[in-house]
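*Asks:* Pasting the sequence and the predicted coordinates here, then a few questions.
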Amino acid sequence: MPKFAANLSMLFTDLPFLDRFGAARAAGFKAVEFLFPYAWPAEQIAAQLRAHGLRLVLFNLPPGDWDAGERGMACHPDRGDEFRASVAAARDYALALNVKQVHCMAGKIPPGLAPETAHATCLANLRYAADLLAPHGINLLIEPINHFDMPGYLLGRSAEALAVIAAAGRPNLLLQYDVYHMQRMEGELSNTIRANLARIGHVQIADTPGRHEPGTGEINYRHLFALLDELGYDGWIGCEYHPAAGTLSGLGWITELN
Ligand SMILES: O=C(O)C(=O)[C@H](O)CO
Ligand SMILES: [Mg+2]
């Protein structure tokens, strides 16, 4: 049976952030992930993980001004200092929270910038980040994100992200394969997973339309979970969906589809 991590940025959102850890454990999760830890001292989050016997498996580098619509800055040529500071901040939290994978959002292509320049900037920044994290045994992940939800995002298809990973030549730079985004952008889920398993460091799930729990839409998750098992995927699967009608009432898919 796959290992599922509760995404605390999308599940249990009726509770304050620090209360979501205990709720996830009570619901049966042994691991969690979320977008950003930076609004809380690492010690407060570590205390929640300890208190509930949970493992933190993923969070993101600081994304720039999220509320203003920024989604990372790795492809922004004029934000090098800020990017390097964001990597250091993520490294410090990852060490304090014993996290082995962090997600670097590539960013939206700045208006007027040639896409080739954005890609070259992103590549150089990812190499820098991967090298800073490697001595600590931390993987850096990049995730293609669908252009319906996030227009202008640099990486939209698995092939684009895999090309960046190949060009970077860093063994700790891996793919975050979000089944929801990939279904919306390209389909070919089984074949893509099968062909690229060695490059996939983390999987995330939601169904479409609606980005709700597995079983609510068009994706055959029973088939995909069996495939991941068959292929020997031993990473975590982040439950990154908006529950259709409450987190607890929407967890039945875990037993129904596995
Ligand atoms: O949106 C997603 O799928 C993610 O995983 C990012 O971390 C946040 O946009
Ligand atoms: Mg995702």
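*Replies:* Alright, I've got the coordinates. Residues are numbered from 1 along each chain as shown. Ligands and ions are numbered 1, 2, ... in the order given.
*Asks:* how close does Ala23 sit to Leu8?
*Replies:* Using CB to CB, to the nearest Å, Ala23 is found at 9 Å from Leu8. (Each C-beta comes from the backbone N, C-alpha and C, glycine too.)
*Asks:* which of these two has more neighbours?
*Replies:* Shown here are Ala23 and Leu8; by other CB atoms under 10 Å, Leu8 has more neighbours (26 against 18).
*Asks:* which residues touch the more buried one?
*Replies:* Phe17, Arg20, Phe21, Ala24, Val32, Glu33, Phe34 (CB atoms under 8 Å, 6 or more residues apart in numbering).
*Asks:* switch to 10 Å and redo it
*Replies:* By CB atoms under 10 Å, 6 or more residues apart in numbering, Leu8 lies in contact with 15, 17-21, 23-24, 29, 32-35, 48, 54, 56, 59, 239.
*Asks:* swap in Leu18?
*Replies:* Leu18 touches Leu8, Trp40, Gln44, Ile45, Ala47, Gln48, counting by CB under 10 Å, 6+ apart.
*Asks:* Which pLDDT does the model give the first one?
*Replies:* At Leu8, the predicted lDDT confidence score is 98.
*Asks:* Near ligand 1, which residues of the stretch 151-258 of the chain are found?
*Replies:* Applying CB under 6 Å from any ligand atom, one finds that the stretch 151-258 of the chain approaches ligand 1 through Asp178, His181, Gln204, Glu240.
*Asks:* ok, which pair from those residues is furthest apart?
*Replies:* The two members of these with the most space between them (CB to CB) are His181 and Glu240, at 9.8 Å.
*Asks:* Just read off the phi/psi values of the residue of the chain found nearest ligand 2.
*Replies:* Residue of the chain nearest ligand 2, by CB to the ion: Asp178 (3.6 Å). The phi and psi values for Asp178, taken as degrees, to the nearest 10, are phi -100, psi 110.
*Asks:* Quick check: beta-bridge partners of the nearest residue to it once chain neighbours are set aside?
*Replies:* Distances taken as CB to CB, 6 or more residues apart in numbering place Gln204 nearest to Asp178, at 4.1 Å, with adjacent residues excluded. Counting by DSSP bridges, Gln204 is bridged to Asp178, Gly238.
*Asks:* any idea how far His136 is from Gln204?
*Replies:* 23 Å.
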